[in-house]
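Peer 1: Curious how this folds, go ahead:
(one chain, ligands or ions: 1)
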Amino acid sequence: MLIWVPLQPIADALAGLEGAVVDVVVPGDGGLPASVGDVEFYVPEFFPRPAALTAMAQMARLKVVQTLTAGFDRVRPHVPDGALLCNARGVHDASTAEWVMTAVLASVHRFPYFAAEQAAGRWSYRFTGSLAGQTVLIVGYGSIGAAVERRLAGFEVQVLRVARSARAGVSPVDDLPELLPQADVVVLLAPVTKQTIGMADAGFLARMKDGALLVNAARGALVVTDDLVAELSSGRLYAAMDVTDPEPLPAGHPLWELTNVLITPHVGASTPASARAAQAFVRAQAQRYLSGEPLVNLVTGDY
Ligand SMILES: NC(=O)c1ccc[n+]([C@@H]2O[C@H](COP(=O)([O-])OP(=O)(O)OC[C@H]3O[C@@H](n4cnc5c(N)ncnc54)[C@H](OP(=O)(O)O)[C@@H]3O)[C@@H](O)[C@H]2O)c1
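Peer 2: Next up, the predicted model:
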């Protein structure tokens, strides 16, 4: 079986897999190796460029596309009929949950303000918020959402959980209108689907408490950016975003000018913890495929 992976450390992790030939290939502008027609198991790069996606059309023997990301919205449209798509659900739980914790604590303690004052050389005392005693609403209580809740234990918060479908302790998405006004912190961790695109619109944001914090660790498309800019510009809400729409956020965008928003450039899963977990996960998945066992993280239906 020919496996294409985008990075040498992933190839190294696959070393010794019986029956596997592993090549490090990142499809770019310069044409594809002749072996493209033999690729059976394909791992596109982390942030796939267009060439990494269109290459799949030439993989006549393709059986498995394994993303390195939990999100797969960009990859799915390019997966040919007959090939399975698997995501990296679970791989980025630790680092993305750490990002959420960092963003929440930094925001409520107003670190973006203090960082700007530090850069200006000013000792600017002010009263800040705190996490203790607050209510955190996790919208998209999946693998990362649960990892966030584990990390919130000890911070003296109440956690509310929302998912697509209700289960014990988890409310259905239809309950959001009643839950949003109860939350001091709203964390978005749902995937991009027809239902979630633009879910954080003017109506959603209007239901959030004055002074509440919106955290987007999922995808920029979940938030209607203009509606968020309007709420942030009035000073009513705070935001912390690892993902934006558009992404990258262009120079001169109004979000750059606001002091009540913390922005990082989609780095939630760009850590050694994620890299290590990805290497182990791809090896285990390839091993499952080679031995005829069922694959995990198969993307079916909506996601
Ligand atoms: N910032 C980053 O670098 C970074 C890193 C990793 C992942 N992500 C993003 O985070 C997302 C979540 O990852 P994950 O691994 O936690 O995925 P997951 O385990 O599949 O969890 C997704 C959760 O979202 C819920 N959901 C689906 N549609 C919803 C809706 N309309 N309203 C409310 N909740 C809804 C699901 O509900 P059910 O449980 O009922 O199905 C599930 O609980 C990914 O899709 C990806 O886009 C970002």
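Peer 1: Would you double-check that E117 falls in a helix?
Peer 2: Yes - the assignment for E117, made by DSSP: H, G, I helix; E, B strand; the rest coil, places it in a helix.
Peer 1: In contact with it, which residues?
Peer 2: 123-124 (CB atoms under 8 Å, 6 or more residues apart in numbering). Glycine gets a C-beta too; all of them are placed from N, C-alpha and C.
Peer 1: count of residues packed around the closest residue to the ligand within the stretch 101-250 of the chain?
Peer 2: With CB to the nearest ligand atom as the measure, G142 is the residue of the stretch 101-250 of the chain nearest to the ligand, at 1.7 Å. G142 has 21 neighbouring residues, counting by other CB atoms under 10 Å.
Peer 1: One more: V25?
Peer 2: 22.
Peer 1: From what I see, it and P6 are in contact.
Peer 2: Yes - distance between V25 and P6: 7.4 Å, which falls inside the contact criterion (CB atoms under 8 Å).
Peer 1: roughly how far apart are the residue of the stretch 101-250 of the chain closest to the ligand and V215?
Peer 2: 15 Å (CB to CB, to the nearest Å).
Peer 1: next one: L176
Peer 2: Taking CB to CB as the criterion, L176 is separated from V215 by 15 Å.
Peer 1: same question, V136
Peer 2: If you go by CB to CB, the gap between V136 and V215 works out to 9 Å.
Peer 1: Neighbour count for those two, which is higher?
Peer 2: The residue with the greater number of neighbours, taking V136 and V215 and applying other CB under 10 Å, is V215; the counts read 27 against 23.
Peer 1: and the more buried one, bridged to which residues?
Peer 2: V215 has the following beta-bridge partners by DSSP bridges: V187, A240.
Peer 1: contacting residues for the residue nearest the centre of the chain?
Peer 2: The central residue of the chain, meaning the one whose C-alpha is nearest the mean C-alpha position (CA atoms, centre = their mean), is A218 at 4.1 Å. A218 makes contacts with 71, 140, 188-192, 196, 243, as judged by CB under 8 Å, 6+ apart.
Peer 1: so what's in contact with V136 and V215 at the same time?
Peer 2: Shared contacts of V136 and V215 (CB under 8 Å, 6+ apart): 104, 185-187.
Peer 1: of those residues, closest to A15?
Peer 2: V187 (38.2 Å; CB to CB).
Peer 1: Could you tell me how many residues sit around the closest one?
Peer 2: The local packing of V187 (other CB under 10 Å) involves 28 other residues.
Peer 1: Likewise for P246?
Peer 2: A total of 10 residues lie near P246 under the criterion other CB under 10 Å.
Peer 1: So which residues of the stretch 51-200 of the chain form helices?
Peer 2: For the stretch 51-200 of the chain, applying DSSP state H, counting those that start in this stretch gives helices covering 93-108, 111-119, 143-152, 176-179.
Peer 1: F281: which of those is closest?
Peer 2: Proximity of the helices of the stretch 51-200 of the chain to F281 was assessed by CB to CB; the nearest stretch is helix 93-108, lying at 11.3 Å.
Peer 1: quick revisit: got CSV for the contacts of A218, with neighbour count and distance to L258 too?
Peer 2: Conversion of the contacts of A218 to CSV gives the following (neighbours: other CB atoms under 10 Å; distance: CB to CB, whole Å):
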residue, neighbour count, distance to L258
G71, 19, 25
G140, 22, 24
L188, 24, 18
L189, 27, 23
A190, 23, 24
P191, 21, 27
V192, 19, 24
T196, 21, 24
V243, 23, 16
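Peer 1: Report the entries of those that also contact the ligand.
Peer 2: Taking CB under 6 Å from any ligand atom, the overlap between the contacts of A218 and the neighbourhood of the ligand is 71, 140, 189-191, 196, 243.
Peer 1: out of these, who's nearest S35?
Peer 2: G71 (28.3 Å).
Peer 1: thought the closest one was touching A221?
Peer 2: No - counting by CB under 8 Å, G71 stays clear of A221, with 10.1 Å between them.
Peer 1: Give me the common contacts of these two.
Peer 2: By CB under 8 Å, 6+ apart, G71 and A221 have these common neighbours: V192.
Peer 1: The nearest residue to the residue nearest to the centre of the chain once chain neighbours are set aside: what's it in contact with?
Peer 2: Spatial nearest neighbour of A218, chain neighbours left out: L188 (4.7 Å); criterion: CB to CB, 6 or more residues apart in numbering. Contact analysis of L188 by CB under 8 Å, 6+ apart lists 139-140, 199-200, 214-218, 222-223.
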